[in-house]
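Engineer: coordinates only, sequence not included:
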Ligand SMILES: Nc1ncnc2c1ncn2[C@@H]1O[C@H](COP(=O)(O)OP(=O)(O)OP(=O)(O)O)[C@@H](O)[C@H]1O
Ligand SMILES: [Mg+2]
C-alpha cells in the first residue's frame, strides 16, 4: 500500500461496512491518484457496489475514513457530491423522458441555468453519439444507448471524479468498445475514475491500477502486469505428432519441458519470450524434430482472478448454466 499524499483524489482507510449482521467490508484501504483509473475487482457479492455507494455518499458506513478530493464523505457529503459523477449498476435514467430531457433535467438538478443545461446536453449528446436519438423517450433506447445516456447524465456537471459500477455489463462487444472509447476520452481529460467490472479484459485495457477485494478485504493490488506476473510466467506449448517425436523432444529439452495432458504436448516456461522461443525452436530443428503446432501462453487477468479468489466470474458461471 503506497502512502496517501496530496496527489490522491480518493483515500479509503480501514473501511468497514455491515448490513445488519452481514459484514461485507471488514478492513478495506486503498487510494486513487488524481487523473488515474483504479479498477475494483472481486467476485459477486464481494462488496464492489457497496464500496462505490459509500464513496459516492449514497450509503453510510460503520468505521474507517473515506475522503474524496479532500472532502470527508461522512461529514461533507454535499461537497463530495459536487465533485463526483456516478454511473450505477441500476441506471438513473428516466424512461419516459427523452435523452435530451434527461440531460437537461439533471443539469437543472446541478443548478445549471436553463441555457447552460441545454448547451451541456447538446455537447454530451454529440459526444456519446446520441444526437439522432436525442428526442426519443429513453425507453426506446437499446441497452448500449441507455448505458451511454446513463454515463452522459453522470457527466453533466463535468465532475473531476467519476465512479463507474459495471458500465459495460450486458453490452454487446461493439457497444462495449464504444463505451471504452468514451471512458478513454474521460481519462485523457484527466478525470479520476474508479471502475468496477466483471470483464477482466476491461480492467486490463483501461485501468492504471487494480485492486481485488474478497472476504471483506483487499487481497491483491498492482498494475495488470504486476498481478499477472504473480500468477506465473509465460509458457511455450509445443505439440508433437506422436509418442516418438514427443519422446525425442523431451530428451532434447530436458527438465525444462513438462508434459501436459495426453495429447503429445510439452509446456516450457519461458522468460524472455522471443529469445527463449528461438532457442527452443533451434534446438528441435537441429535434431529435425517436427513440431505439429505451437502457442505462447501468457497469464491473463482471468488466471489472476481465479488463482486469487478460487471463483469463476459471473459471466462464465452464466455460460455454464
Ligand atoms: N441493501 C442491502 N441489504 C442487505 N445486504 C446487502 C444490501 N446490499 C448488498 N448487500 C449484500 O452485501 C454483499 C455485497 O454486495 P455488493 O452489491 O456490494 O456486491 P458486488 O461486489 O457489487 O457484487 P456484484 O458483482 O454481484 O455486483 C452481498 O452479499 C449482498 O447480498
Ligand atoms: Mg455490484
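Structural biologist: Happy to help now that I have it. Predicted model, so just to flag it, every value in this text is computed and none were measured. Ligands and ions are numbered 1, 2, ... in the order given.

Engineer: how close does residue 199 sit to residue 251?
Structural biologist: Residue 199 sits at a distance of 43 Å from residue 251 (criterion: C-beta to C-beta, to the nearest Å). Where you see a C-beta, it was placed from the backbone N, CA and C, and this is true even at glycine.

Engineer: report pLDDT for residue 312.
Structural biologist: We note a pLDDT of 50 for residue 312 in this prediction.

Engineer: tell me where the protein has strands.
Structural biologist: Per DSSP state E, the chain carries strands over the ranges 8-19, 22-33, 37-41, 63-68, 71-72, 84-87, 161-165, 192-196, 209-214, 217-222, 234-239, 257-260, 265-270, 293-297.

Engineer: and these as TSV, adding mean neighbour count and mean pLDDT?
Structural biologist: TSV is the format used below for the strands of the chain (neighbours: other C-beta atoms under 10 Å; pLDDT from 0 to 100):
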stretch	mean neighbour count	mean pLDDT
strand 8-19	19	97
strand 22-33	18	97
strand 37-41	25	97
strand 63-68	19	97
strand 71-72	16	97
strand 84-87	24	88
strand 161-165	24	94
strand 192-196	25	96
strand 209-214	23	96
strand 217-222	17	95
strand 234-239	19	91
strand 257-260	15	86
strand 265-270	18	90
strand 293-297	13	91
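
Engineer: tell me which of residue 199 and residue 251 has more neighbours.
Structural biologist: residue 199 (18 against 11; other C-beta atoms under 10 Å).

Engineer: doesn't residue 97 make contact with residue 134?
Structural biologist: No - taking contact to mean C-beta atoms under 8 Å, the distance of 11.2 Å between residue 134 and residue 97 leaves them out of contact.

Engineer: check what pLDDT residue 292 gets.
Structural biologist: Predicted confidence (pLDDT) at residue 292: the value is 93.

Engineer: hang on, the earlier thing: which one of the strands of the chain lies nearest to residue 115?
Structural biologist: Closest to residue 115 of these is strand 84-87 (C-beta to C-beta; 21.3 Å).

Engineer: same for that closest one, what does it pack against?
Structural biologist: In this structure, strand 84-87 packs against helix 143-154, strand 161-165, with contacts taken as 3 or more C-beta pairs under 8 Å, 6 or more residues apart in numbering; DSSP states H and E.

Engineer: just to revisit the earlier point, now render the strands of the chain as a markdown table, adding distance to ligand 1.
Structural biologist: Compiled in a markdown table, those are given as follows (distance: least, C-beta to the nearest ligand atom, whole Å):
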| stretch | distance to ligand 1 |
| --- | --- |
| strand 8-19 | 3 |
| strand 22-33 | 4 |
| strand 37-41 | 8 |
| strand 63-68 | 15 |
| strand 71-72 | 22 |
| strand 84-87 | 14 |
| strand 161-165 | 7 |
| strand 192-196 | 7 |
| strand 209-214 | 8 |
| strand 217-222 | 13 |
| strand 234-239 | 30 |
| strand 257-260 | 33 |
| strand 265-270 | 33 |
| strand 293-297 | 27 |
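
Engineer: sounds good, over and out.
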